[in-house]
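[1] no FASTA, just this:
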């Protein structure tokens, strides 16, 4: 790694540490001020207003409009949505979209920037510390660099971030800066990160998808509709993530309102027939996957028992440390497979089929080692 690349990695980690710690310090400061009764209602109003503006900029501008092209908007409205999104302290629109496209391309498998299969902490915040999780825009979304609005907002992201801190300071002084600046950034970022962690670990699955996405009502409320994650992964281009009457989607409501005014066009929707067909496939596929997981658990248990028997009766009689080490590796790998299969997290069908092949390969190698050991004993 070159010195320049090493410096980039250091600066990246420092920026993430600041993004995580400074808003947290703001929260602690706000708690201390409240304890001393240094508190003004207008600060909460500012917090809610700026948080809503920034959050809608992410959910509608960065996500549904830019990344998934869920609707078309005129230049001035595209600029407005993206500038508001830049105030959320979640990066440039081009980088955010490229990262999310990479997430959908490798959702909950190797290559996914924030897969919960690597742990809840990694999915929530740990993934931010590695620059490799942020792909080159040219690799995943080169078309974004052809849009002058996206390029302009991406180059001026720090300006919008600074304005989102300056405005509450000018309107509310230091307490306004603490509440509508730092506390607001804390709320906005952690709510967005919860979509990656909570909504790929907890909740319900209405549709069968190739990942661990789930619908979570609380994140759906806090993230202005983004918590209906399973719905979104089933129909990524759908501009409305809440697909039931009771699935509150405030971002979808604003999109519908703008559509009614004629401000946006070509809004992507899912027909009721398509949704119902997907639900039927989900029930059918889910049953098959559950059966496959149960069969794999039995196969892994049987393979482990046979390999242990081989180890005790054949390999243990041979004074060959390499054979002993390899046998131990087989047992450890089988234990890993059993843990993965029994995990409450969603496991993709291709991975389960791969596990079946691995179990068979481990058994064949163990049997071959037993024959080799028998030959040596003779």
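    Sure thing, it's come through. Only a predicted model underlies this, so the values are computations on that prediction, with no experimental measurement involved. Residues are numbered from 1 along each chain as shown.

[2] In the record's domain split, what are the boundaries for this structure?
    Domain ranges of the chain: 3-270, 275-377, per automatic domain parsing.

[3] Out of the ones you listed, point me to the one whose mean pLDDT is lowest.
    For the domains of the chain, mean pLDDT drops lowest on domain 275-377, to a mean of 75.

[4] Which parts of the stretch 151-300 of the chain are helices?
    157-176, 184-197, 217-222, 229-234, 250-260, 272-313 (DSSP state H, counting those that start in this stretch).

[5] my bad, the stretch 1-150 of the chain
    3-35, 41-56, 75-86, 93-105, 120-124, 137-140, 148-155.

[6] who wins for proximity to residue 297 among those helices?
    helix 120-124 (23.4 Å; C-beta to C-beta). (Glycine included, C-beta is placed from N, CA and C.)

[7] re earlier: check the domains of the chain for me and report the most buried one.
    domain 3-270 (a mean of 19; mean count of other C-beta atoms under 10 Å).

[8] which residue is nearest the middle of this structure?
    By C-alpha atoms, centre = their mean, the mean C-alpha position of the chain lies nearest to residue 196, the distance being 3.0 Å.

[9] For that one, which non-adjacent residue is closest in space?
    residue 114 (4.4 Å; C-beta to C-beta, 6 or more residues apart in numbering).

[10] from what I can see the one you found touches residue 197, true?
    Yes - Residue 114 lies in contact with residue 197 (C-beta atoms under 8 Å); the separation is 7.5 Å.

[11] Quickly list what's touching both of those two.
    123, 124 (C-beta atoms under 8 Å, 6 or more residues apart in numbering).

[12] List the contacts of residue 356.
    295, 296, 299.

[13] Swap in 7 Å and give it another go.
    296, 299 (C-beta atoms under 7 Å, 6 or more residues apart in numbering).

[14] Kindly report the same for residue 57.
    Residue 57 sits in contact with 81, 82, 84, 85, 87, 88, where contact means C-beta under 7 Å, 6+ apart.

[15] And the closest residue to residue 125 other than its chain neighbours, how far from residue 119?
    Distances taken as C-beta to C-beta, 6+ apart place residue 193 nearest to residue 125, at 5.8 Å, with adjacent residues excluded. To residue 119, residue 193 is 13 Å away according to C-beta to C-beta, to the nearest Å.

[16] neighbouring contacts of stretch 134-154?
    Here stretch 134-154 has contacts from 75, 78-79, 82-83, 86, 92-95, 97-99, 101-102, using C-beta under 7 Å, 6+ apart.

[17] mind running it again at 8 Å?
    Residues contacting stretch 134-154 (C-beta under 8 Å, 6+ apart): 66, 75, 78-79, 82-83, 86, 91-95, 97-99, 101-102, 105, 113, 160.

[18] again with stretch 300-312
    327, 330-331, 334-335, 337-338, 341, 355, 359, 362-363, 366-367, 369-370.

[19] just to revisit the earlier point, and the helices of the stretch 151-300 of the chain: which comes nearest residue 242?
    Nearest of the helices of the stretch 151-300 of the chain (C-beta to C-beta): helix 250-260, 5.7 Å.

[20] Taking helix 75-86 as reference, get the angle to that closest one.
    Orientation of helix 250-260 against helix 75-86 (axes from the mean of the first three to the mean of the last three C-alpha atoms, to 10 degrees) gives an angle of 170 degrees.
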